[in-house]
Structures are given as structure tokens and as C-alpha cells.
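Chemist: Here is a sequence together with a model predicted from it:
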Amino acid sequence: MDEFKRGAEESGHKVEVLDVCHMNINPCIGCIQCGYEGPCVQKDDTVIVKDKLLSSDVLVFATPTYFSTMNGMLKNLIDRFLPKWQDLGKHDVYFIITGHDGKRGLELVEKELITVFENLGNTVMGTIWGEGVWQKGEVMNTKAMLEAYKAGKNI
Ligand SMILES: Cc1cc2nc3c(=O)[nH]c(=O)nc-3n(C[C@H](O)[C@H](O)[C@H](O)COP(=O)(O)O)c2cc1C
């Protein structure tokens, strides 16, 4: 994410990174009190994230692969998109996906993310693959860094 940001900033874009793993994002409890129109009954950091997403042109979502799917933190966030989900379309979207599997394994994650974000009305622009990494930070020594930098530079 840092390399994508560096490339995008070099091209003159304003970039903000939100670490949802360390924010207070509760799971959707499926109460449908929002009536799909909001507001959500849960008062947490989701409102901060949604405000940022709505005011951005380009969105980049990064996730490790956990048991062949996205991590739970990103899934929690996506589920909380339910109120006014129609508002979250019209963005250009990139994904950064890491995992110890090869690209074919990580493509399972890409497939589900494409499904979600295209259904919301966004345009998926591309994916940066951090394949073959297990240890935290291992991805720093892979070609994914250059790919992320270039993708950021070209938005
Ligand atoms: C609970 C758990 C489940 C995992 N499941 C998979 C998996 O199904 N496929 C895979 O390629 N990597 C799997 N991994 C490896 C992580 O994807 C890898 O550690 C992570 O991408 C490292 O990058 P990070 O520095 O971004 O966390 C798993 C790791 C954990 C902790």
C-alpha cells in the first residue's frame, strides 16, 4: 500500500491510507434496522471509512489471503456497506492481495472482490499480486512492490 501511495503521490494525487484492522469496525448484525437506507444502529468507525470512500475517486483495498478468502476485517467492512450501498459505486478500484499460495490461489480472493465491487457499480482497474509470501513484511522483497508503485503512478 505504501508503494501504491508513493506512486500516486508522485503523480500529484492526494492519498489517504486507512488501516481498518486497527479501527473499530464491528460486524454487521443483520438487524436491517437501517432499512438499507441508513443510518446503521452501530456507532463505530465505519462512518469515518464510508465518508472517506465517498469523497475519493480511486479506492485500493489490500488484504492477505486467509483460508482462500479475504481477511475478516475487510469482510466486516464490506458487510457494513449495506446501508446506502448504492452510493459506493462509480469508483475506480484496485486490489492488493497477498498470500503464500501462487497467483492461482490468490485469484479466488480477487474473484470475490471483483464480484462485490462490480456489483456495487465500480470499475475494477487491476490487482497487485503478492504471491508466495507467508511472513509479515516478506512482500517487501517481491516484485509486488514495483507493481504497486507503477499502478499508483498510472492512476
Ligand atoms: C489464518 C491464516 C490463514 C491463511 N490462509 C492462507 C491461504 O488460504 N492461502 C494463502 O495463500 N495464504 C494463507 N495465509 C498466509 C497469509 O496470506 C500471509 O501470511 C500473508 O499474506 C502475509 O502477508 P501480510 O504481511 O500482508 O500479512 C494464511 C495466513 C493466516 C494467518
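Modeler: Okay, I see it.

Chemist: Could you give the backbone dihedrals for the residue of the chain positioned farthest from its centre?
Modeler: Of all residues in the chain, residue 33 sits farthest from the chain's C-alpha centroid, using CA atoms, centre = their mean; the distance is 25.6 Å. Recorded main-chain torsions at residue 33 are phi -60, psi -20, according to degrees, to the nearest 10.

Chemist: excluding its backbone neighbours, what's nearest it?
Modeler: Nearest residue to residue 33, sequence neighbours excluded (CB to CB, 6 or more residues apart in numbering): residue 41, at 4.7 Å. Any C-beta I mention is one placed from the backbone N, CA and C, and that applies to glycine too.

Chemist: Scan this structure for its longest helix.
Modeler: Using DSSP state H to assign secondary structure, the helix with the most residues in the chain is helix 103-119.

Chemist: contact partners of that one?
Modeler: The set of residues that contact helix 103-119 without belonging to it, under CB atoms under 8 Å, 6 or more residues apart in numbering, is 59, 61, 63, 65, 68-70, 78, 93, 95, 97-99, 124, 127, 129-131.

Chemist: Kindly state the distance between the middle of the following helix or strand past it and the middle of its chain.
Modeler: Next along the chain after helix 103-119, taking DSSP states H and E as the criterion, comes strand 123-130. Strand 123-130 sits 10 Å away from the centroid of its parent chain (CA atoms, centre = their mean, to the nearest Å).

Chemist: Likewise for stretch 145-155?
Modeler: Averaged C-alpha coordinates place stretch 145-155 at 16 Å from its chain's average position (CA atoms, centre = their mean).

Chemist: Also stretch 39-56?
Modeler: 14 Å.

Chemist: Which helix or which strand is home to the residue nearest the centre of the chain?
Modeler: When CA atoms, centre = their mean is applied to the chain, the residue found nearest the centroid is residue 61 (1.8 Å). In the assignment (DSSP H and E), residue 61 maps to strand 58-64.
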